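Enquirer: got a structure for you, letters missing:
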């Protein structure tokens, strides 16, 4: 059975070793072989075996299969190696450079966020094999808010490598950006840059972006605004910059976030509309061929308009392959089509495999293809409307089966009412997208377009209102879910073994699934028990902020020096992931201004450790004969004091320089420590400082 499946799905045989090779090189970057030479040798061997098989009539299928597997494994690793070899290494420093804005800038509360591509650095003899991409935050004013994709700027600023904060369990933004080939960051004040030209860069992407902006303007022209404009822009054109945090939270909590990510649903609707509009070509000579090219052209044009996201490209390639099968009257295998689209996309960009959207997209499609027909067949409904509702339910449940392990791992929450949401969200989305297409088609007629725009706004209000109702239902979302990589793999193992049981009807697979489930429960129990028996200290890495946490099991006390209005964001992005992992439901948060024993320092006694946090350089005004013995000295708030002066007051085992200090001061202290042989740890450079201990918990914090 398995051999027959592989025979019908050649791209499945190709894509799995390709993925394995990509992941091998990503997670083990030190793994290196002469890829080109080995690939040529394998290719020659494969050709030779093919000739041998015919000439000597020996059976070499299995050996041939192994060689093909190794070839694609090496190809995957080689693709990642090529990306790595072409990375431009840019030392931290202040540069004068020319760059192009390569994505639409995103307006934040206090800054303008954009991605630029440096094409030249003044007075630096660097040969760019690949122009370095830089994450840049512009000072928010009239000049930065007018920036557009394609703008050529000249600037001078400090450019530095993006670093991971090292805060426990937080999202690794450095890795996320590195898989998009963005390795550097900078900040630009108004007087540090100027726009010297427009419409530079990739002309095709610029044209697509300009057309998208024209379409967005059409929505605004007909008075669609606010959350309705933000949702229709995301739903039809993949433009998410205007989505408010409240709208994102509503769609996420109700289980409808996939609707805002332009994907297979949207591409399928466009495919359906275009195919049906061109039905008349079927009766013409060469009509099928012309229809094929028009449909493919429309799909890829739509992909361009939406920014060539992975989800759109995946769906576009899939529907394109379906069209290819139709034009050549080939029998289509859905799994082969899915595998072929993944194969093509990974050849284009192997790092796509690490994109969360890419992963969820393929898992959802595979799960729908396998589970939906089987779930749907459980009940046969004769009435039209109940049957359609049951179809939607079966699709929703099938998609959730394949994606829930990753959803829990990445987002730590689960939408309880996802079935209810999808029953009305998918039909409403179909109506909204069709109305939007109609609005754009009839935009030349003010009266007709105005009426369609009115209907569209009503539809969007119903959609947003329905999502809000589901979000506000009791227990709509299970939050603070924490599973690690091992548990994620175990969940997938259960799903795969259950799928094998469904295919083979062998009870042994059901036993294996139950056994893996028991292992998962035991692993989770041990992990939680270990967390409950762990205590420690964390000095967090948060820009311009000092934060020290003392925890023991699921209790804690954290001392923060930030303003109260900023604390919510700091908690969400820096503290909450660790608290979820530890099971800390009622954290104790203290502002350092209210916790200081004096204006000079805080003293903490925790377990058998003594920690002093220096808050002011006024300690120099005091005389002391004997330094105080402590374990750790934490330097905060940019105190203007030398390390040698500190040694007069404290005899410490290690110096901790936290992230509330300015860079020039940090560098000065580091140099002095290295000169006089003082052991130190810079939180800004090395990430959060963490000391773990057994569960003792004797504290006077």
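Expert: Alright, I've got the coordinates. Here the structure is a predicted model, which is why all the values come from computation and not from measurement. Numbers count the residues shown, from 1 in each chain.
Enquirer: quick one, phi/psi of residue 148?
Expert: Here is the backbone geometry of residue 148 (degrees, to the nearest 10): phi -130, psi 160.
Enquirer: That one: neighbouring residues, count only.
Expert: 16 (other Cβ atoms under 10 Å). Where C-beta positions appear, they are placed from N, C-alpha and C, glycine not excepted.
Enquirer: Residue 604 touches residue 590, doesn't it?
Expert: No: counting by Cβ atoms under 8 Å, residue 604 sits too far from residue 590 to count as a contact (11.3 Å).
Enquirer: host element of the nearest residue to residue 409 once chain neighbours are set aside?
Expert: Of all residues not flanking residue 409 in the chain, residue 488 sits nearest, at 4.5 Å (Cβ to Cβ, 6 or more residues apart in numbering). Assigned by DSSP states H and E, residue 488 belongs to helix 485-504.
Enquirer: Please identify the buried residues of that helix?
Expert: Buried positions in helix 485-504, judged by neighbour count with 16 or more other Cβ atoms under 10 Å: 487, 490-495, 497-501.
Enquirer: Let me know the closest of those residues to residue 643.
Expert: Distances from residue 643 to those, taken as Cβ to Cβ, are shortest for residue 487 (44.7 Å).
Enquirer: So residue 518 belongs to a strand, correct?
Expert: No: applying DSSP: H, G, I helix; E, B strand; the rest coil, one finds residue 518 to be helix, outside a strand.
Enquirer: Near it, how many other residues are there?
Expert: Residue 518 has 10 nearby residues by other Cβ under 10 Å.
Enquirer: swap in residue 607?
Expert: 18.
Enquirer: in the stretch 151-300 of the chain, which spans are helices?
Expert: Assigned by DSSP state H, counting those that start in this stretch, the stretch 151-300 of the chain shows helices spanning 173-178, 203-221, 226-237, 245-254, 257-260, 264-277, 287-305.
Enquirer: among the ones you listed, which is nearest residue 634?
Expert: Per Cβ to Cβ, nearest to residue 634 of those: helix 173-178, 24.2 Å.
Enquirer: Give the rounded mean pLDDT of the closest one.
Expert: What helix 173-178 shows for mean pLDDT is 91.
Enquirer: Use 49 as the first number from now on
Expert: Understood, numbering begins at 49; the last thing we discussed is helix 221-226.
Enquirer: Please identify the buried residues of it?
Expert: Applying 16+ other Cβ under 10 Å to helix 221-226 flags 222, 225-226 as buried.
Enquirer: for these, which one is nearest residue 328?
Expert: Using Cβ to Cβ, these come closest to residue 328 at residue 225, 48.1 Å.
Enquirer: Quick check: closest non-adjacent residue to that closest one.
Expert: Nearest to residue 225 is residue 210, by Cβ to Cβ, 6+ apart, at 5.8 Å.
Enquirer: From residue 529, how far off is the one you found?
Expert: Distance from residue 210 to residue 529, counting by Cβ to Cβ, to the nearest Å: 28 Å.
Enquirer: The residue nearest to residue 225 and residue 222 touch, don't they?
Expert: Yes: using Cβ under 8 Å, residue 210 is in contact with residue 222, at 5.0 Å.
Enquirer: OK, contacts around the residue nearest to residue 457?
Expert: 453-454, 456-457 (Cβ atoms under 8 Å, 6 or more residues apart in numbering).
Enquirer: Make JSON lines out of those and add distance to residue 423, secondary structure and neighbour count.
Expert: Shown next, in JSON lines, are the contacts of residue 536 (distance: Cβ to Cβ, whole Å; DSSP: H, G, I helix; E, B strand; the rest coil; neighbours: other Cβ atoms under 10 Å):
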{"residue": "453", "distance to residue 423": "18", "secondary structure": "helix", "neighbour count": "20"}
{"residue": "454", "distance to residue 423": "20", "secondary structure": "helix", "neighbour count": "17"}
{"residue": "456", "distance to residue 423": "21", "secondary structure": "helix", "neighbour count": "18"}
{"residue": "457", "distance to residue 423": "24", "secondary structure": "helix", "neighbour count": "18"}
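Enquirer: Report the two of the residues you listed separated the most.
Expert: 454 and 456 (7.4 Å).
Enquirer: In contact with the closest residue to residue 474 other than its chain neighbours: list those residues for me.
Expert: Leaving aside its chain neighbours, residue 474 sits nearest to residue 440 (5.9 Å; criterion: Cβ to Cβ, 6+ apart). Neighbour list for residue 440: 470-471, 474-475 [criterion: Cβ under 8 Å, 6+ apart].
Enquirer: Filter those residues down to the buried ones and hand me the PyMOL line.
Expert: A single PyMOL command is used to select the members of the contacts of residue 440 judged buried by 16+ other Cβ under 10 Å:
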select buried, resi 470+471+474
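Enquirer: can the contacts of residue 440 go into CSV with extra columns for distance to residue 196?
Expert: Listed next are those as CSV, based on distance: Cβ to Cβ, whole Å:
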residue, distance to residue 196
470, 37
471, 40
474, 34
475, 36
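Enquirer: Can you tell me which of the contacts of residue 440 is nearest residue 682?
Expert: residue 470 (50.1 Å).
Enquirer: and the closest one, what is it in contact with?
Expert: 303-304, 440-441, 443-444.
Enquirer: List the contacts of stretch 295-302.
Expert: 275, 278-279, 305, 307-308, 459, 461, 463, 465-466, 469, 512, 515-516, 518-519, 524-525.
Enquirer: Please apply the same query to stretch 412-424.
Expert: Under Cβ under 8 Å, 6+ apart, the answer for stretch 412-424 is 306, 312, 362, 366, 382-383, 386, 438-439, 442-443, 445-451, 547, 550.
Enquirer: now with 6 Å?
Expert: 382, 386, 442-443, 445-447, 449-451 (Cβ atoms under 6 Å, 6 or more residues apart in numbering).
Enquirer: Please apply the same query to stretch 275-282.
Expert: With Cβ under 6 Å, 6+ apart as the criterion, stretch 275-282 contacts 264, 267, 287-288, 290-291, 295, 308, 505, 508, 512.
Enquirer: go with 7 Å
Expert: 264, 267-268, 272, 287-288, 290-292, 295, 308, 480, 484, 505, 508-509, 511-512 (Cβ atoms under 7 Å, 6 or more residues apart in numbering).
Enquirer: What of stretch 178-185?
Expert: Contacts of stretch 178-185 (Cβ under 7 Å, 6+ apart): 134-136, 138, 159, 161-167, 207, 210, 225, 229-236.
Enquirer: Now find how far off-centre it is within its chain.
Expert: 18 Å (Cα atoms, centre = their mean, to the nearest Å).
Enquirer: Show me what counts as buried in it.
Expert: 180-185.
Enquirer: do stretch 297-310 as well
Expert: For stretch 297-310, burial by neighbour count (16+ other Cβ under 10 Å) applies to 298-310.
Enquirer: And for stretch 166-181?
Expert: 166, 169, 180-181.
Enquirer: now swap in stretch 624-642 and tell me
Expert: So for stretch 624-642, counting by 16+ other Cβ under 10 Å, buried means 624-630, 632, 635, 637, 640.
Enquirer: which of those lies closest to residue 716?
Expert: Checking the buried residues of stretch 624-642 one by one against residue 716 (Cβ to Cβ), the nearest turns out to be residue 640, at 23.4 Å.
Enquirer: where does the residue sitting furthest away from the middle of the chain land in three-state SS?
Expert: Distance from the C-alpha centroid of the chain peaks at residue 673, with 55.1 Å (Cα atoms, centre = their mean). Assigned state for residue 673: coil (three-state reduction, three-state DSSP).
Enquirer: quick one, what contacts it?
Expert: No residues are in contact with residue 673 under the rule Cβ under 7 Å, 6+ apart.
Enquirer: What residues of the helix or strand harbouring residue 574 count as buried?
Expert: Counting by DSSP H and E, the element that carries residue 574 is helix 555-580. Buried positions in helix 555-580, judged by neighbour count with 16+ other Cβ under 10 Å: 557, 560-561, 564-565, 568, 572, 575, 579.
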